[in-house]
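Visitor: From the sequence below, what's the structure:
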Amino acid sequence: MGSAPQIQNAPNGSAYLALVAGVVCIGCSAIFVKFASVPGTASAFYRVFIAGIILVPWWLLTRPSCPSMRDLVLILAGGLFFALDLVLWNSGVLLTSAATATLLANNAPIWVGLGVLFVFHEHLSLNFWVGLTLAMVGMAFIVGGDAWRQLSFNEGDLMAIGASLFYAAYLLTTERVRSRVNTLTFVTLSVVSCIVFLFPMSLLLGVRLTGYSHQTWLALVGLGLVSQLGGWLTISYALGHLSAAPVSVGLLGQAVVTALLSMPLLGEYLSMNQVIGGILVLAGIYLVNRKSR
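Guide: Take a look at the predicted model:
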C-alpha cells in the first residue's frame, strides 16, 4: 500500500450499509433536479443551504472540537471541489441529454484510481481495475452508448466531464482527512464551505434565487434533505472506513437507482440494455468492494 496513511478502521458491514443508503439518496438527485428545473447554480446552492439549516445547529449543539488547521483547509478545499461539481453537473444536465451527462460525469472513478496511483502512490489490485471496467461498461449500456458512437461533445457534455474531475478531486482530498474527523463535523464544514462559495457566485451570475413554484421548492427541499443531508452523511461515514477508490466505484450504483426511480416518477422505462448495464455495474461494485487492495 506504500506510505499512505491507513484508513481509520477495517472495512465492516456498517460502512457498506451506509454506502448503499447513500447511493440510494444521491440516486434521487437527478429526479429532484429535473423537477426543480432551475439554473444549475441555484439548485446547487439550495441543495447545500437547506442541508446546512439542519446541519449547523446540530453540529453546534454537539460542542465539537475544531479540526487541526491542516484538516480544516482540506475540508474547505473539498467543499469547494464539491460545489463546483454540483454547479457543473446540474448545469450540464440542462444542456445535454441526461444519459450522456450521466455517463461522462461518472468518469470520476477513473480520475480517482489514477490519483491514488500517481499522487498517493497507493497500489490498486487487478480486482479494482477489472471491477471498474465492468462498472464503466455497465454505465455505457445503461445510457445507451450514444456518446461513444457519436463522439460529439457540446457545452453540456464538457460541463459533465468537468464535474467528474471536481468530483474526483473531492473524493481524493477528503479521503485522508475523513479518517481523522468525525462525520458530522466533516459534513457540516464541507456544506458551509459550499454555501460560502455558491451564494456570492449566484449573485455575481445574476441567478434568481426566489419566486419559484411550489413544485420547485418541494424538489429543492428533497434535494437538500434527501440527496445532500441523508446521502452525504452516510457516504461520508463510509469514507471514514473505506478508501476513496472502492467508494467512488460504488457510487456508480446511483445510475441504477436513478433508472429504477425514473420509471414510476418520470415515465422512463428500462430497456434490455439498461437491465444488462445495471447487472454489470452491480457486479463491478461487488468485485471492487470484495477486495480492492
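
Visitor: Every contact and neighbour count from this point should use C-alpha atoms.
Guide: Fine.

Visitor: What distance do you get for residue 217 to residue 38?
Guide: As defined by Cα to Cα, to the nearest Å, residue 217 lies at a distance of 10 Å from residue 38.

Visitor: And the two? Which one has more around it.
Guide: Counted by other Cα atoms under 10 Å, residue 217 and residue 38 do not tie: residue 38 has more neighbours, with 20 against 17.

Visitor: what about the more buried one, which SS state?
Guide: Of the three states, residue 38 takes coil under DSSP: H, G, I helix; E, B strand; the rest coil.

Visitor: and the nearest residue to it once chain neighbours are set aside, what is it in contact with?
Guide: In this structure, residue 38 finds its nearest non-sequential neighbour in residue 216, 7.9 Å apart by Cα to Cα, 6 or more residues apart in numbering. Neighbouring residues of residue 216 by Cα atoms under 8 Å, 6 or more residues apart in numbering: 35, 36, 37, 38.

Visitor: what about the first one, which helix or strand?
Guide: Residue 35 belongs to helix 29-36 when elements are defined using DSSP states H and E.

Visitor: Tell me where the model's unsure across the stretch 51-200 of the chain.
Guide: Across the stretch 51-200 of the chain, residues meeting the criterion (pLDDT under 70) sit at 97-100, 102-103, 142-154.

Visitor: Try it again at 90.
Guide: The stretch 51-200 of the chain contains residues with pLDDT under 90 at 63-66, 92-161, 164-165, 167-168, 171-184, 186-187.

Visitor: mind listing the strands for it?
Guide: Read by DSSP state E, counting those that start in this stretch, the stretch 51-200 of the chain holds no strands at all.

Visitor: the helices in the stretch 1-150 of the chain, which residues?
Guide: Along the stretch 1-150 of the chain, counting by DSSP state H, counting those that start in this stretch, helices occupy 13-27, 29-36, 40-61, 69-95, 98-105, 108-118, 126-143, 146-150.

Visitor: Could you dump the contacts of residue 216 into JSON lines and include pLDDT?
Guide: Compiled in JSON lines, the contacts of residue 216 are given as follows (pLDDT from 0 to 100):
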{"residue": "35", "pLDDT": "90"}
{"residue": "36", "pLDDT": "93"}
{"residue": "37", "pLDDT": "91"}
{"residue": "38", "pLDDT": "95"}
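
Visitor: wait, doesn't residue 95 sit right on residue 158?
Guide: No: assessed by Cα atoms under 8 Å, residue 95 is found out of contact with residue 158, at 10.0 Å.

Visitor: coming back round to it: measure the residue nearest to residue 38 to residue 108 for me?
Guide: Distance of residue 216 to residue 108, given as Cα to Cα: 29 Å.

Visitor: Check residue 227 too.
Guide: On the measure of Cα to Cα, residue 227 and residue 108 end up 18 Å apart.

Visitor: now residue 157
Guide: The separation that residue 157 has from residue 108, given Cα to Cα, amounts to 14 Å.

Visitor: In JSON lines, list the helices of the stretch 1-150 of the chain along with mean neighbour count and distance to residue 267.
Guide: Shown next, in JSON lines, are the helices of the stretch 1-150 of the chain (neighbours: other Cα atoms under 10 Å; distance: least, Cα to Cα, whole Å):
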{"stretch": "helix 13-27", "mean neighbour count": "21", "distance to residue 267": "16"}
{"stretch": "helix 29-36", "mean neighbour count": "21", "distance to residue 267": "12"}
{"stretch": "helix 40-61", "mean neighbour count": "21", "distance to residue 267": "23"}
{"stretch": "helix 69-95", "mean neighbour count": "22", "distance to residue 267": "18"}
{"stretch": "helix 98-105", "mean neighbour count": "23", "distance to residue 267": "14"}
{"stretch": "helix 108-118", "mean neighbour count": "20", "distance to residue 267": "28"}
{"stretch": "helix 126-143", "mean neighbour count": "22", "distance to residue 267": "16"}
{"stretch": "helix 146-150", "mean neighbour count": "12", "distance to residue 267": "21"}
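
Visitor: Compare those helices and give me the one nearest residue 246.
Guide: Across the helices of the stretch 1-150 of the chain, residue 246 has its closest neighbour in helix 126-143 (7.5 Å, Cα to Cα).

Visitor: got the CA positions of that closest one in PDB?
Guide: C-alpha atoms of helix 126-143 as PDB (Å, rounded to 0.1, in the frame of the first residue of the first chain):
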ATOM      1  CA  LEU A 126      -6.300  -6.200 -10.500                       C
ATOM      2  CA  ASN A 127      -9.700  -6.600  -8.800                       C
ATOM      3  CA  PHE A 128     -10.100  -2.800  -8.800                       C
ATOM      4  CA  TRP A 129      -9.400  -2.300 -12.500                       C
ATOM      5  CA  VAL A 130     -11.500  -5.300 -13.600                       C
ATOM      6  CA  GLY A 131     -14.400  -4.200 -11.400                       C
ATOM      7  CA  LEU A 132     -14.000  -0.600 -12.600                       C
ATOM      8  CA  THR A 133     -14.100  -1.900 -16.200                       C
ATOM      9  CA  LEU A 134     -17.200  -3.900 -15.600                       C
ATOM     10  CA  ALA A 135     -18.900  -0.900 -13.900                       C
ATOM     11  CA  MET A 136     -18.000   1.500 -16.800                       C
ATOM     12  CA  VAL A 137     -19.200  -1.000 -19.400                       C
ATOM     13  CA  GLY A 138     -22.400  -1.300 -17.500                       C
ATOM     14  CA  MET A 139     -22.700   2.500 -17.400                       C
ATOM     15  CA  ALA A 140     -22.300   2.600 -21.200                       C
ATOM     16  CA  PHE A 141     -25.200   0.000 -21.500                       C
ATOM     17  CA  ILE A 142     -27.400   2.000 -19.100                       C
ATOM     18  CA  VAL A 143     -27.100   5.300 -21.000                       C
END
